[in-house]
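*Asks:* turn this into a model:
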Amino acid sequence: MQLMMYIGNDLIEAVPLHKEGLRTPGYLGKFKRNLKMKYSELISQSPQQPDFLVIEPALVMPQTNKDNSKTL
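*Replies:* Below you'll find the predicted structure:
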């Protein structure tokens, strides 16, 4: 899992997370505070506040053509 910080449409940074830690109070807040401190100058220059998104990256499997088994 990853915590992603965006300002507008720009991805600023993605931080890896442990799934087990999500149940711990303050776990995400710790990362968000650290990112806000790290990028405080960038945040102060932007009219938009940062947005945070938690995602679990999906593995992309290449599709194959059934006729000749070549990757598309």
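*Asks:* give me the below-cutoff pLDDT ranges for the protein.
*Replies:* For the chain, the stretches flagged by pLDDT under 70 are 59-72.
*Asks:* all strands of it, in order?
*Replies:* Here the chain has its strands, by DSSP state E, at 2-7, 10-16, 51-55.
*Asks:* surely Gly21 meets Tyr27?
*Replies:* Yes - using Cβ atoms under 8 Å, Gly21 makes contact with Tyr27 at a distance of 4.3 Å. Any C-beta I mention is one placed from the backbone N, CA and C, and that applies to glycine too.
*Asks:* residues touching Ile12, list them.
*Replies:* Listed by Cβ atoms under 8 Å, 6 or more residues apart in numbering, the contact partners of Ile12 are 5-6, 35, 39, 42, 50.
*Asks:* need the residues you listed in a markdown table (columns: neighbour count).
*Replies:* Shown next, in a markdown table, are the contacts of Ile12 (neighbours: other Cβ atoms under 10 Å):
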| residue | neighbour count |
| --- | --- |
| Met5 | 21 |
| Tyr6 | 15 |
| Leu35 | 20 |
| Tyr39 | 17 |
| Leu42 | 13 |
| Pro50 | 17 |
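*Asks:* tell me the one among those residues nearest to Glu13.
*Replies:* Met5 (5.3 Å; Cβ to Cβ).
*Asks:* what bridges to the closest one?
*Replies:* Going by DSSP bridges, Met5 is paired in beta bridges with Glu13, Phe52.
*Asks:* follow-up on the earlier one: go through the strands of the chain and pick out the most buried.
*Replies:* Highest mean neighbour count among those (mean count of other Cβ atoms under 10 Å): strand 2-7, with a mean of 17.
*Asks:* okay, angle between it and strand 10-16 too, please.
*Replies:* Using axes from the mean of the first three to the mean of the last three Cα atoms, to 10 degrees, the inter-axis angle of strand 2-7 relative to strand 10-16 is 160 degrees.
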